[in-house]
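Q: Please find the sequence and the predicted model below.
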Amino acid sequence: MTSSSDGLTAPFALVRFRAGDAEPVLGLVAGERVRPIGPEELGAPDLNAFLAQAPGSWNRLAAVAERDDDAWLPLADVALTAPVTPRQVLQTGANYRTHVIDLVAAGRAKNDPRPIEELREWAADMMDRRAREGTPYFFIGLPAAVVGDDVDLVLPSYSDQHDWELELAVVVGSEAFRVDREHAMEHVAGYTIVNDVTTRDLVFREDMKEIGTDWYRGKNAPGFLPTGPFLVPAPFVATPGDLRLELTLNGETMQDATTSDLLFDLPALIAGASQNMPLLPGDLLLTGSPAGNGIVHGRMLRDGDVMVGAIEGLGAQTVRAVAEESTR
């Protein structure tokens, strides 16, 4: 077991971890140490109830992080898994300006006579108009797809078009229902990292193109939402609208951007997502993925690939891809 807090700059963060063969438990990381925490330390029966009281509830854990007792374990001796257990996962599509422009250029029709630069200019105008006049585009993910990076990413054998999408994820604090932009950030408990894995050739229905996208098949295979390993308290992330994201594939940088390229910022996303259904404590709201996906690089995930996704101040996750074993 080789857990590490590399890239984590917060004084403390929440995790879920396993020591040996034991079941995962909630834990508090401070530096290179971790300790189990329960209802007594949380001041709440479980994690989601604790998050419902954020940001004030974080003060309880500040005192725990300063304790000097025998409850601490070396972080390197445990395995970290997904730090949250969301009831809902909301995802944001087409929310990085450069990402969408790249996708338009990469996916242009073969019989489109327009030069690439003209296509890019058209896509840029479309995105700028959407930012001025449009609203965020949301779809639903399955909480069952949320796993830690301690679990290998099994690439389903029904496709060879599995792609990566590194994303900043908001962890919801107090329930948010029909909130406005001005008060939206009051409902953020913290942030974590998610790799929103996508099977590209299943996103659009070939048998009925008029129906549009099929996010269920394209994004919700087992383990397709590697999450964490840290849940970083919102008070420790001063500028969520300007964080650097980087994803490497076998050591080569594929995605390198900042959240300043978001088409709709975090207040707009939280407010928009809360209009028709309450966002519940512990829920995940993914904010979109920047440019640099495999479809643009012409390189999809293969057996043995290793992805490292890092977001400034939130640490990093390492996801290993393995081919699905044949059942034939």
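A: Arrived safely.

Q: tell me the contacts of A131?
A: 97, 263-264 (CB atoms under 8 Å, 6 or more residues apart in numbering). Backbone N, C-alpha and C define where each C-beta goes, glycine included.

Q: quick one: low-confidence parts of the stretch 1-150 of the chain?
A: For the stretch 1-150 of the chain, the stretches flagged by pLDDT under 70 are 1-2, 106-111.

Q: got a list of contacts for stretch 248-257?
A: By CB under 8 Å, 6+ apart, stretch 248-257 touches 96, 98, 164, 166, 244-247, 289-294, 297, 299, 305-308.

Q: Apply 7 Å and report the result again.
A: 96, 166, 245-247, 290-292, 297, 305-308 (CB atoms under 7 Å, 6 or more residues apart in numbering).

Q: Kindly reformat those residues as TSV and extend each row with secondary structure.
A: Converted to TSV, the contacts of stretch 248-257 look like this (DSSP: H, G, I helix; E, B strand; the rest coil):
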residue	secondary structure
Y96	strand
L166	strand
L245	strand
E246	strand
L247	strand
P290	coil
A291	coil
G292	coil
H297	helix
D305	coil
V306	strand
M307	strand
V308	strand
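
Q: before we move on, back to that, quick one: the contacts of A131 as CSV, columns for neighbour count and secondary structure too.
A: Converted to CSV, those look like this (neighbours: other CB atoms under 10 Å; DSSP: H, G, I helix; E, B strand; the rest coil):
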residue, neighbour count, secondary structure
R97, 20, helix
L263, 22, coil
F264, 20, coil
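
Q: Nearest to F139 among the residues you listed?
A: Closest approach between the contacts of A131 and F139, by CB to CB: F264, at 14.5 Å.

Q: ok, that closest one - contacts?
A: 95, 136.

Q: and what of the one 4 residues further on?
A: Under the criterion of CB under 7 Å, 6+ apart, the contact partners of A268 comprise 136, 181.

Q: Next: T98.
A: Applying CB under 7 Å, 6+ apart to T98 gives the contacts 261, 290-291.

Q: which residues touch the residue most central in space within the chain?
A: In the chain, the centroid-proximal residue (CA atoms, centre = their mean) is V194; its distance is 2.2 Å. Residues near V194 by CB under 7 Å, 6+ apart: 167, 169, 225-227, 284, 286.
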